[in-house]
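1. Give the three-dimensional model of this entry:
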Amino acid sequence: MNVSINAGDARRTVGSLLTLLAIVSLIGSCQGSTAKDRGWSVQDPLWSALPQSSPQISAAQARAVAIAKALGIPGIPSAARRERDMQRGVDYDLIEFLSAAGDKTVVELDTETHAPISIVRLGPPDPTETAVLDAASAPGRARAIAEQLGLAIPDAAPDVRWQPGLEAWEVRWGRVLDGYPVLGDGAVVDLTVGGRFQALSVTMTRAAPAPASPIPPARAAGIASAFAAQRQLTRRPGFTQSDPALVWVRPNNFLNPSKSDAPEPILRLAYSVTFTYVTVPGEEPSQAVIWISAADGSLLGGSETA
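-> Below is the predicted model:
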């Protein structure tokens, strides 16, 4: 079947296509700009690929192989690829190890220092493993592994808990910055009952400079009281308000739903104030936490538990 198109039709067709492409390009650029302005939201991708040179690939792979050897992780390494975690705003080099038995280990390294950000051995626990660790001995084993990897671990005692879903001991060291705790940051090492390394996570969020002259605690307490009264929390049974405590936080959308779905990728010093009250008579009290900027008293977010 032959179809003929005259010159006028062709020009009109090409013109229409160019117009359509321009519109699509404009829409795409607007969406990208909006996404950048608002921060990460649930419809955005979780990660994006980043360019990486051959020397960078080789360096990342060499570091990953050294880590795998130190931890007794079997398998052949994949080619390193560089990605950006869009939620956290963190760049990393990713290398996967696949053993002959089909077990996979995923390694994420800092793109500049090659320090481990995350190491996870996937797969079910070994039911034949003899239990040798407990809550008392797990921290020593976890610390030895962290130091073997060149990680700086605080001298303070870690939090230790058994994770039944993972069948592993979780040893967690919180991060302290300028003398104040950092919510969500720190180092976590997971160990099997037999003392085998299972997982590692290191979170070191960038921080904004601490204010030279933080607002006084009394002002933060007053801001919190006004917030509680405005939300009528003070009328609820059993209402209490904690004293303000300085912590580093990642501002979130708890108080402003129009903000990014993910917390901001930078820490800010804030006063944390907790409200406790009874929502349903006879049930456990609820808690709401707000963060008040130590720099200017603005509200940075918070959280709530039922």
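2. can we go C-alpha only for contacts and neighbour counts from here?
-> Will do.
3. For the residue nearest to the spatial centre of the chain, pull up the helix or strand it's in.
-> Nearest to the mean C-alpha position of the chain, counting by CA atoms, centre = their mean, stands residue 88 at 5.2 Å. If you go by DSSP states H and E, residue 88 is not part of any helix or strand.
4. before we move on, what about residue 227?
-> helix 217-230.
5. which residues sit against that helix?
-> Helix 217-230 has contacts (CA atoms under 8 Å, 6 or more residues apart in numbering) with 234-235, 241, 243-245, 271, 273, 275, 290, 292, 297.
6. switch to 6 Å and redo it
-> Residues from elsewhere that reach helix 217-230, judged by CA atoms under 6 Å, 6 or more residues apart in numbering: residue 234.
7. Also stretch 42-52?
-> 82-86.
8. The same query, at a cut-off of 8 Å, please.
-> Against stretch 42-52 from outside (CA under 8 Å, 6+ apart): 35, 81-87, 261.
9. now do stretch 195-203
-> 71, 116-121, 131-133, 138, 141, 168, 184-192.
10. now stretch 254-272
-> Under CA under 8 Å, 6+ apart, the answer for stretch 254-272 is 38-42, 87-89, 205-211, 217, 220, 244-253, 289-295, 299-303.
11. try stretch 287-305
-> 210-211, 213-215, 219-220, 223-224, 246, 249, 251-256, 268-277, 286, 306.
12. what about 6 Å?
-> Contacts of stretch 287-305 (CA under 6 Å, 6+ apart): 211, 214-215, 251-255, 269-276, 286.
13. chain center to that stretch, what's the gap?
-> 19 Å (CA atoms, centre = their mean, to the nearest Å).
14. how far away is residue 150 from residue 93?
-> Note on residue 150: its distance to residue 93, by CA to CA, to the nearest Å, is 18 Å.
15. between these two, who's got more neighbours?
-> Neighbours were tallied for residue 150 and for residue 93 using other CA atoms under 10 Å; the higher tally belongs to residue 93 (27 against 11).
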